[in-house]
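Chemist: Take a look and give me a structure for this.
(2 chains)
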Amino acid sequence: KAGVTQTPRYLIKTRGQQVTLSCSPISGHRSVSWYQQTPGQGLQFLFEYFSETQRNKGNFPGRFSGRQFSNSRSEMNVSTLELGDSALYLCASSFSTGELFFGEGSRLTVL
Amino acid sequence: ILNVEQSPQSLHVQEGDSTNFTCSFPSSNFYALHWYRWETAKSPKALFVMTLNGDEKKKGRISATLNTKEGYSYLYIKGSQPEDSATYLCASTEAGSYQLTFGKGTKLSVIP
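Modeler: Reported below is the predicted structural model:
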C-alpha cells in the first residue's frame, strides 16, 4: 500500500511569490490535514479536509489556503510569501479522526 | 486552541536505561490522545491513539498510559536502544473537532 506522497520535496522561492504544495493520501483515506513545522515550534495545524470540505482551519493568515479534490488529493497554497513562511510542510491522511499517516514533507525556503 | 505541553524537552539516556516522558493536555472536552515517533529525515509514525481514561497501550518495549481526568499521558520506554533515538510527539483533540494539536516534542538520544 503506497504511503502519503508529497510534492515537491524541496523548493526555494523568493518573497512575494506564491507556492502550491501537493499531497496524495493513502488510498481510501478521505481526511487530509496539513501542518507547518518551524524551528523551535511543534507541528502547527493549518487545515483539515474531508470529502472536499474544509472541516477545521488553524490560526494562520488568509495567505494560506487549501483544497481537496474528489480523489482526496489535496493542495495547499501560500501567496505573497514571507521569510517566516520558510518551514517544513507536512501532510497527513487518515480514516476520519483516526491515527495520522504522514508524508515526508515539503521543505520550503523563502529568500 | 488547545495547549499541549511535553516534558522534558530533551534527554540523553544510556543504552539499556528505561525512561519516560510526560504529555499534559486540557482535560475538558477531551476526545483522543496520540503519540508519534519522529526519526530524523523520516516522517512521523503513530505509536498509539488513546481515548479512554485509564487506558494503557503497549508496543514492544514502549507503553503509554492515559489519565483524562487530570489531563496527562506518560510514554515509557523500557531498556532504551540506540534505534529509539527520535523525537516523541503527543497530540490531543477535542470532541467535535478535527484538529489535532501537537506538543513541541521530547527529543530522546540513546547513547550506546
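Chemist: Up against chain B, what does chain A have?
Modeler: Proximity of chain A to chain B is confined to A:3-4, A:31, A:33, A:35, A:40-45, A:48, A:50, A:55-56, A:58-59, A:90, A:97-105 under the rule CB under 8 Å from any CB of the partner chain. Placement of C-beta: from N, CA and C, glycine included.
Chemist: Kindly recompute the last result at 10 Å.
Modeler: By CB under 10 Å from any CB of the partner chain, the residues of chain A that approach chain B are A:3-4, A:6, A:31, A:33, A:35, A:37, A:40-50, A:54-59, A:90-92, A:94, A:96-105.
Chemist: Among these, which are located in strands?
Modeler: Among the residues of chain A next to chain B, the ones falling in strands (DSSP state E) are A:6, A:31, A:33, A:35, A:37, A:44-50, A:54-57, A:90-92, A:94, A:101-102.
Chemist: and the residues you listed, which are buried?
Modeler: A:6, A:31, A:33, A:35, A:37, A:44-50, A:55-56, A:90-92, A:94, A:101-102 (16 or more other CB atoms under 10 Å in any protein chain shown).
Chemist: In the beta-sheet assignment, what are the partners of the closest residue in space to B:Glu39 that isn't next to it in sequence?
Modeler: Closest residue to B:Glu39 apart from its sequence neighbours, by CB to CB, 6 or more residues apart in numbering or on different chains: B:Ala86 at 4.5 Å. On the basis of DSSP bridges, B:Ala86 is bridged to B:Leu108.
Chemist: Give me the helices and strands touching the helix or strand hosting A:Arg67, please.
Modeler: Assigned by DSSP states H and E, A:Arg67 falls within strand A:64-68. Under the contact criterion of 3 or more CB pairs under 10 Å, 6 or more residues apart in numbering or on different chains; DSSP states H and E, strand A:64-68 touches strand A:19-24, strand A:31-37, strand A:44-50, strand A:53-57, strand A:74-78.
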